[in-house]
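S.K.: My questions are about this predicted structure, shown below with the sequence.
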Amino acid sequence: MAFNINRNMAQRRGVLGIKKDPKNQVLFSFDVRAGDEWPSSDEEDSDYLPSGDEKKLNVLKCNTKSKRKKQKSSDQQKIPNSSPAKGNGTTSTSSDIWGECIPVEMLHKIFTFAVAKEGAVPFLCRAAKTCRRWNQTAKHPSLWTHVDLSFGWVKLTSMTLKWLVENRLSQVEDLNLSSGKNLTCTDFQEVATRCQSLRVINLSYCRKITSATVQKLATNCPNLVNVDLSFSSVKAVAAPSLKCLVQTDRLTHLNIAGNRLVSFNTVMNCITEHCPNLQLLDLSNATSGCGGNLMIKLEKFQSGCPKLRVLRLANCLIDVTFVSRQLQSDCPGFKYLQELSVAVNSTDRNTVITHRIGSGCISRILKNACGLKLLDMRGITNWGYGGMLAVLPDVTDLEQLYISQFSISDELAIIARKWRHSLIYFDVSWISAPEGCLDNTLKVLGEEPSRSKLQQLDLTGTKVSLKGVRWILSGCQELEKLNLTSCRSLPRGMKKLYEGKDLTQLRKDVIRTTDVCS
């Protein structure tokens, strides 16, 4: 039996104990092949018995290996475990060498810079899971001053909000709870009770907010200046709640867009009388409780809110009360107004608004508004060139002009010449103008390349030709986005949105075509 075992071993190992390689077979050689080594021991042989000296040597090797293992294990015990413990977000050991090197004051300052731009969430939530010191620093309420819970980093539930209010948000100043559809009235009451340092709060799309909650916010938060109640509930924008909110005389931003305003006249009277510092008012998509127009006493509104900078009346049925010419001339107007939006969705039922917003109404709104930067008049189809320049005689540095679907004469080029030095965004999509009018307008915009600041131009659905595109590309070097979608007069394959590398390539192709033709 022993003989058969030794014979099998010899067959596997070959001559002199070298393992056989079926791919590189040799008969016999005393030279070692490249990559192989002679076997240094006979321990694998079945009939091998070590001598006394070899036994001592093996014992010495085992002792050396055990000493190395012990030394390695002791070194590993000195290094702290950097993996966070499950459940509490802290380390599993008591010592954090690299974390302890940064003083708490310095770490707090670093965290302050980190949350200044992006807010407390999600940075502080992630930083708290790094080590014990970071966890303790991230808990400090002074870092939780700007919190946005609308993005989805934290699941906005009643339990989550209650824990945050009790443990983190005692010093919060800017809180965004937008789209908190699952939040109840009790949750909002808790915020109003504990977060008394609030200056800005966003409650848009919070359907369960009530009038009592808004009143409690106005009472308990003496520093509240910015409130967003857009698309919330009828109770939230009822007369009692808004009256309590605006009577504090400190409100600067009020957004009640997308709501049904039951007592609009009462609300507007309170705004006019108690909001001298109001800078933004958004009534976009708002409707009257009785289904009629929202009546605004414009001259009284201008006198009561002289610091207004942004007025948004997009897609809402508004009208201004009639006053004598003497009262109109004595009114100071909105001297600091920078943005006005009276855009209309012409495909919606509110098309009748085009008969209400005329050149006379806009002229009264924009009286003395020399610093206007943005004018949005999309969808208004009953105006012409004369009406637009008549209401904007003193505006010299208009930066954004939206006149999509605007009904205009062939004198559009004069409008472009008036503001070509300051226009940054120009929207003339789906405009109804005579053929060649738009090409002349683009030629005027590109006549002074050194002064042009135009960055975005929307020509969707217009009759612009290739010649007009060539003028705008050669004259407006700062152009970043050009929309040529559905432009019927352009060649096939050219009707799309251009930006980035596509716009650069289009400019090269158009210039190359011009050189070939010349």
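M.R.: Done, it's in. Numbering: from 1, shown residues only.
S.K.: From Ile318, how far out is Leu375?
M.R.: Distance of Leu375 to Ile318, given as Cβ to Cβ, to the nearest Å: 16 Å. Where C-beta positions appear, they are placed from N, C-alpha and C, glycine not excepted.
S.K.: Which of these two has more residues huddled nearby?
M.R.: Neighbour count, other Cβ atoms under 10 Å: between Leu375 and Ile318, Leu375 has more, with 24 against 19.
S.K.: That one bridge partners, please.
M.R.: Counting by DSSP bridges, Leu375 forms beta bridges with Leu340, Leu401.
S.K.: so where's the chain shaky on pLDDT?
M.R.: Within the chain, the stretches with pLDDT under 70 are 1-99, 346-359, 381-388, 390-391, 407-410, 514-518.
S.K.: go again using 80 as the cut-off
M.R.: Along the chain, the model assigns pLDDT under 80 to residues 1-101, 248, 289-292, 346-360, 380-393, 406-411, 432-435, 511-518.
S.K.: center of it, which residue is that?
M.R.: The centroid of the chain falls nearest to Phe151 when counting by Cα atoms, centre = their mean (9.3 Å).
S.K.: what about that residue, distance to Asn176?
M.R.: 8 Å.
S.K.: What of Thr460?
M.R.: 33 Å.
S.K.: try His421
M.R.: From His421 to Asn176 the distance is 38 Å (Cβ to Cβ).
S.K.: Ala218 contacts Leu242, doesn't it?
M.R.: No. Judged on Cβ atoms under 8 Å, Ala218 makes no contact with Leu242 at a distance of 9.3 Å.
S.K.: The two: who's more crowded?
M.R.: Neighbours around Ala218 and Leu242, counted as other Cβ under 10 Å, are more numerous at Leu242. The numbers are 27 against 22.
S.K.: Using the three-state scheme, assign that one.
M.R.: Look at Leu242: counting by DSSP: H, G, I helix; E, B strand; the rest coil, its state is helix.
S.K.: The residue lying closest to it once chain neighbours are set aside is in what secondary structure piece?
M.R.: Excluding the flanking residues, the one nearest Leu242 by Cβ to Cβ, 6 or more residues apart in numbering is Val267, at 4.9 Å. In the assignment (DSSP states H and E), Val267 maps to helix 264-274.
S.K.: buried set for that helix?
M.R.: Across helix 264-274, burial judged by 16 or more other Cβ atoms under 10 Å covers 264, 267-272, 274.
S.K.: will you turn those residues into a markdown table that also has distance to Cys101?
M.R.: Shown next, in a markdown table, are the buried residues of helix 264-274 (distance: Cβ to Cβ, whole Å):
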| residue | distance to Cys101 |
| --- | --- |
| Phe264 | 61 |
| Val267 | 57 |
| Met268 | 60 |
| Asn269 | 62 |
| Cys270 | 57 |
| Ile271 | 55 |
| Thr272 | 59 |
| His274 | 54 |
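S.K.: Next, the distance between the ends of stretch 292-303.
M.R.: End-to-end span of stretch 292-303 (Cα to Cα, to the nearest Å): 25 Å.
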